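Student: When you get a sec, could you give me coordinates for this:
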Amino acid sequence: MPAVPLLSSPGTGPRRARRRRALRLAAVLLAVGGLLLWWLLPLGQDQPSGRITFSTGVRTGVYQRYGQLLKGALDRELPRVATTLRDSEGSQQNLARVASGEADFTIATADAVATYLQEERPGAGELRGCTRLYDDYVQLVVAKGSPVRTAADLRGLRVGVGQEGSGVRLLADRLLDAAGLDPSQDVRPVPAGIDTMPKLLEQGRLDAFFWSGGLPTSAVLRLSERFPVRLVPLDRELVDRVHAEGGPSRYYRSAVIPADAYPAAQDGPVQTVAVANLLVTTGRVDAALTEGVTRTVIGSRDRVGREVHPAQVVDLRTAIYTDPLPLHEGARRYYRSVKP
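Tutor: Next up, the predicted model:
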C-alpha cells in the first residue's frame, strides 16, 4: 500500500516562512546596528590611545596654566591617552622639543615658528600646525615712577628680556633693535622669565621687563596689585620699523591692551604689539590622535577660558589658519567634520 504523505496543519507553512523572514530581518538589523556603532563610537583602534608629552612654558605664565587646564580636558575626552606636561622656557624651546621628538604637542608664537623654519633648525620640515589659538600681547613693564616713556629710553638700563629659549627673547631683541638699541650692548639684558621678573622689578634689581602673553597674565596682574607699575606704550611707528625687517617679523601686528587688562597699571588703553599663538605638532604624530586633540582644544574653549581668559577668543572660523605651518592631516579631518 503506497505511503500517504503527511499534511501540515493549516497555516503551518506560511508561519514558518514568516518566522524565517523575521529572523533574516533581525540579523540584518543587528549587522547594520553593529556597523553604525563601529562608525559612530571611538572603539578599538579608532579611539586614540598611548602617551603624549605637552611642552608648556614657565611657571605663572599663560602657556603653563593653559596646558594644565587642557590636560584636564584631554583626560576627559581622550581617556585612553595619558598626557604629561613639561615646563619650558617658552616658544623656542617648545619647538625644539617637538621637532626632536621630546614632546608631541606644544604652543609657540607664529614669529618663533617662522624663525625656526627660516633658520632650518633640526626637524623644521616635520613641524605641523593644529590650531591658531589666541594672540600674545607684548607688555613692557616699569615701576610707576620710572622715567621710561618709550622703548628707546631703556638705554643703559637693566632689562628683563626673557629666557634664552623663549619667544619673549625674540620679540624683545627685535623691538630694542627697532628702537635703535643694540640688545646686547645698549641695555643690560637679564635673561629671566615671567616667574622671576616681577619680583626682580619689585626688589629694584630690574628697571624694566618685557613680557609677551595673553591678557591678563596673572603674574603681571598680581604685581600691579601689590606694587605700583606702569605699561610703556609701543607705538605703531615702532611696529612699522619691525615689519620693515621682513621675514618672521611680518607676523607682528599693532594692537591695543584694553584699559581693563591691568586697571592698576593703566590710565587707559596702551598701544603695543601682538602675535598669534599656534598649537604645534609634527607629521610623525598619528592623525586620529591629532584629530582628537584638536577637537578637544576647540571643544574646551569655554571651560578653559573661564580661568585662562585668552582661551575664550579661540575661534573655529580662524583656527584653521596655522601659517607659517602646514595643517596636520588629523586637524584637517576635524575641521572637515565640523564644516557647515
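Student: Show me what residue 55 is bridged to.
Tutor: Per DSSP bridges, residues listed as beta-bridge partners of residue 55: residue 86, residue 106.
Student: Return the distance of residue 104 relative to residue 73.
Tutor: 16 Å (C-beta to C-beta, to the nearest Å). The way it works is simple: take the backbone N, C-alpha and C, and place the C-beta from them, glycine included.
Student: Looking at those two, which one has more neighbours?
Tutor: residue 104 (24 against 18; other C-beta atoms under 10 Å).
Student: any idea how far that one is from residue 94?
Tutor: When residue 104 is compared with residue 94 (using C-beta to C-beta), they lie 11 Å apart.
Student: How about residue 244?
Tutor: From residue 244 to residue 94 the distance is 28 Å (C-beta to C-beta).
Student: of the two, who's got more company?
Tutor: Neighbours were counted for residue 244 and for residue 94 using other C-beta under 10 Å; residue 94 has more, 31 against 9.
Student: State the mean pLDDT of the helix or strand that contains the more buried one.
Tutor: Here residue 94, judged by DSSP states H and E, is contained in helix 91-100. The pLDDT scores in helix 91-100 average 97.
Student: tell me which residues of it are tucked away?
Tutor: 91, 92, 93, 94, 95, 96, 97, 98, 99 (16 or more other C-beta atoms under 10 Å).
Student: same thing with stretch 171-181?
Tutor: Going by 16+ other C-beta under 10 Å, stretch 171-181 has these buried residues: 171, 172, 173, 174, 175, 176, 177, 178, 179, 181.
Student: Give the full set of residues in contact with residue 315.
Tutor: Contacts for residue 315 were tallied using C-beta atoms under 8 Å, 6 or more residues apart in numbering; there are none.
Student: What ranges does this protein have for its strands?
Tutor: 50-55, 81-86, 105-109, 127-143, 158-160, 188-190, 208-213, 229-232, 253-257, 270-282 (DSSP state E).
Student: got the angle between the third one and strand 50-55?
Tutor: In this case it means strand 105-109. 20 degrees (axes from the mean of the first three to the mean of the last three C-alpha atoms, to 10 degrees).
Student: same thing with the longest one?
Tutor: In terms of direction (the same axes, to 10 degrees), strand 127-143 departs from strand 50-55 by 30 degrees.
Student: I'd like to know how far residue 94 sits from residue 60.
Tutor: For residue 94, the distance to residue 60 - C-beta to C-beta - is 17 Å.
Student: For the stretch 201-340 of the chain, give me the ranges with low pLDDT.
Tutor: Where the stretch 201-340 of the chain drops to pLDDT under 70, the residues are 340.
Student: how long is stretch 310-321 end to end?
Tutor: One end of stretch 310-321 sits 18 Å from the other (C-alpha to C-alpha, to the nearest Å).
Student: any idea how far that stretch is from the chain center?
Tutor: From the chain centre to the centre of stretch 310-321 is a distance of 10 Å (C-alpha atoms, centre = their mean, to the nearest Å).
Student: Spit out the contact partners of residue 287.
Tutor: 328, 329, 330, 333.
Student: need the buried residues of stretch 171-181 in TSV with pLDDT and distance to residue 53, can you?
Tutor: Below are the buried residues of stretch 171-181 laid out as TSV (pLDDT from 0 to 100; distance: C-beta to C-beta, whole Å):
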residue	pLDDT	distance to residue 53
171	95	26
172	97	28
173	96	29
174	96	30
175	96	32
176	97	34
177	96	34
178	95	36
179	96	38
181	98	38
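Student: Which members of those are the farthest-apart pair?
Tutor: Within the buried residues of stretch 171-181, two members stand farthest from each other by C-beta to C-beta: 171 and 181, at 13.9 Å.
Student: returning to what we had before: quick one, the helix holding residue 94 and strand 270-282 angle?
Tutor: 10 degrees.
Student: From the contact counts, what lies against helix 91-100?
Tutor: Helices and strands touching helix 91-100, by 3 or more C-beta pairs under 8 Å, 6 or more residues apart in numbering; DSSP states H and E, are strand 50-55, strand 105-109, helix 110-118, strand 127-143, helix 167-178, strand 270-282.
Student: ranking those by burial, who's on top?
Tutor: strand 105-109 (a mean of 28; mean count of other C-beta atoms under 10 Å).
Student: Run the angle between that strand and helix 167-178 for me.
Tutor: Using the same axes, to 10 degrees: strand 105-109 against helix 167-178 is 10 degrees.
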